[in-house]
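**Student:** need a structure here:
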Amino acid sequence: MALRLWWLQPTARRSLGLGFRPLGRKHLRSSLGSLLAVLALLSLPALSLQTSFVPAGYGGYRRVSQALRAKPAEPDLTSPAWVESAEVILDIIEDSTKEDALEWLQAGFAWTQKSRRFWRKLRSEAPPEPAAVRSTARWLQDKGLAQKAWVRRFPEVLGLSVKELEEGKKTAPSYLKSDEIYNKAIKSNPTLLGKNYDCLLEHESCQGRCSRCWNT
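**Tutor:** Next comes the predicted model:
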């Protein structure tokens, strides 16, 4: 009640730019909500919100705020894990450069926005593991896929383990079961190597794994 009476005082209303027009219950509730939002805003850290105010009806103000996303973590590209993994790629992936290697590794280990749409909850930002990167790169080499033009179309492949790559073929549709057909398919469409789930199989259902599903 005290807060409501204070709200109705001319000095309080003038300080908030509300003028002196009598407020109905609906507008009082709306304006009180705006005040509480402002008070809540002032209790937050200064850098956590970016806030502006734009005019609303009856001379009041409507709060427009946007929470600032936490700045994404930056990988330490000079650490031994990144340097050694980049050297592995330079040794195995034809025509690749150091810049290519570091860019692809960031996609393979969920450091980029685009790659996070592929990995979703399956992987968080992590430094690459040189031994795992070497195994994957050798697997690609054995398939004739260790080429710059191919890898740059699906750099996330460098974050997949050999086990995941092999499992992908096991879950492929029946028309891709032949080794010859499967190899041709992944050569022409690199993203197929990221598929390892079929939501249409018996007892299976959509689990939000669309980026890994053979039916998308």
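**Student:** All the helices of this protein, residue numbers only.
**Tutor:** Listed in chain order, the helices of the chain (DSSP state H) span 2-8, 10-15, 25-42, 80-92, 98-108, 113-119, 130-142, 148-151, 162-170, 179-188.
**Student:** quick one: contacts for Ser85?
**Tutor:** Ala101, Leu105, Pro128, Glu129, Pro130, Val133 (CB atoms under 8 Å, 6 or more residues apart in numbering). Yep, even glycine has a C-beta here, placed from its N, CA and C like the rest.
**Student:** Phi and psi next, for the residue nearest to the second one when sequence neighbours are not counted.
**Tutor:** The reference is to Leu105. In this structure, Leu105 finds its nearest non-sequential neighbour in Pro128, 5.0 Å apart by CB to CB, 6 or more residues apart in numbering. Torsion angles at Pro128 (phi, psi; degrees, to the nearest 10) stand at phi -70, psi 160.
**Student:** Pro128 touches Ala107, doesn't it?
**Tutor:** No. If you go by CB atoms under 8 Å, Pro128 and Ala107 don't touch, sitting 10.7 Å apart.
**Student:** the domain parsing of this structure - what is it?
**Tutor:** Annotated domains of the chain cover 2-67, 80-212 [automatic domain parsing].
**Student:** If you average pLDDT over each of those, which is lowest?
**Tutor:** Among the domains of the chain, domain 2-67 carries the lowest mean pLDDT, a mean of 49.
**Student:** what's the burial count for the nearest residue to Ala149 once chain neighbours are set aside?
**Tutor:** Among residues not flanking Ala149 along the chain, Asp95 sits closest, at 7.8 Å (CB to CB, 6+ apart). By other CB atoms under 10 Å, the residues close to Asp95 number 10.
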